[in-house]
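In: I would like to see how this sequence folds:
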Amino acid sequence: MNALEEIDDQIDELRQVFDIGSITHGAILRKPKDCQDLAEYMSGKLETGPLVVTVKRYRSSRTRAQNNLMWMWFGCIRKHLAEHFGTQYTNDDIHDYYVDEFLDKQVKQIGKKIITKPGQTSKLNVTEMTEFLSNVEMAAAERLELMLPRPDEYREAMGA
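Out: Residues are numbered from 1 along each chain as shown. Predicted coordinates:
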């Protein structure tokens, strides 16, 4: 068995111990018993050599309702711009515009070169995505005089 197969087996075993479903390299620990179970599981793995364990705070990512609302709104904005200004943007163009407008850019230096990467809606948590969507809704109303629709899932997406 090669190293990758061994890792896959260990991940499968973790899934069974912690019922972690689709998380590929970790578990969400919600209660003290989860931590105890993890410690017991990991102590058995030390026999094969040292381990590296990373712990970080869980952040729930944007919801499906938020994502659906965002893309529906971008379609509405695209259609509005085409009808009133004759533009031919795509939904992705509208997405990129608002990402540039409202999300922080990531700046890093590699050697002597400075690289700027745009923010990503896929990396936002629920609260950040709610703020982003609120900004898009406000901008559409103020700048385009466009009232974006509020479908049934609006309340779920915006936590209203």
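
In: for stretch 68-85, which positions count as buried?
Out: Of the residues in stretch 68-85, Leu69, Met70, Met72, Trp73, Phe74, Cys76, Ile77, Arg78, His80, Leu81 count as buried by neighbour count, 16 or more other C-beta atoms under 10 Å. Where you see a C-beta, it was placed from the backbone N, CA and C, and this is true even at glycine.

In: Can you show me the helices along this protein?
Out: 3-18, 32-45, 64-85, 91-102, 126-144, 154-158 (DSSP state H).

In: Looking at the buried residues of stretch 68-85, which one is closest to Gln109?
Out: Closest approach to Gln109 among the buried residues of stretch 68-85 (C-beta to C-beta): Met70, at 31.4 Å.

In: gap between stretch 128-136 and the chain center?
Out: Centre-to-centre, stretch 128-136 and its host chain are 13 Å apart (C-alpha atoms, centre = their mean, to the nearest Å).

In: What of stretch 108-128?
Out: Chain-centre distance of stretch 108-128: 13 Å, with C-alpha atoms, centre = their mean.

In: Could you export that stretch as PDB, CA atoms only?
Out: Taking C-alpha atoms only, stretch 108-128 is exported to PDB below (Å, rounded to 0.1, in the frame of the first residue of the first chain):
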ATOM      1  CA  LYS A 108       1.100  39.500  -1.800                       C
ATOM      2  CA  GLN A 109       4.700  39.800  -2.900                       C
ATOM      3  CA  ILE A 110       6.500  37.000  -4.700                       C
ATOM      4  CA  GLY A 111      10.100  38.000  -5.100                       C
ATOM      5  CA  LYS A 112      10.100  41.500  -6.400                       C
ATOM      6  CA  LYS A 113       6.600  41.200  -8.000                       C
ATOM      7  CA  ILE A 114       3.500  42.300  -6.300                       C
ATOM      8  CA  ILE A 115       0.400  40.300  -7.100                       C
ATOM      9  CA  THR A 116      -3.200  41.400  -6.500                       C
ATOM     10  CA  LYS A 117      -5.900  38.800  -6.500                       C
ATOM     11  CA  PRO A 118      -9.600  39.700  -6.400                       C
ATOM     12  CA  GLY A 119     -11.800  38.600  -3.500                       C
ATOM     13  CA  GLN A 120     -13.900  35.500  -3.900                       C
ATOM     14  CA  THR A 121     -17.600  35.100  -3.000                       C
ATOM     15  CA  SER A 122     -17.000  31.400  -2.600                       C
ATOM     16  CA  LYS A 123     -14.700  32.100   0.300                       C
ATOM     17  CA  LEU A 124     -17.300  34.200   2.200                       C
ATOM     18  CA  ASN A 125     -19.000  33.000   5.300                       C
ATOM     19  CA  VAL A 126     -22.800  33.500   5.900                       C
ATOM     20  CA  THR A 127     -22.400  36.900   7.500                       C
ATOM     21  CA  GLU A 128     -20.000  38.200   4.900                       C
END
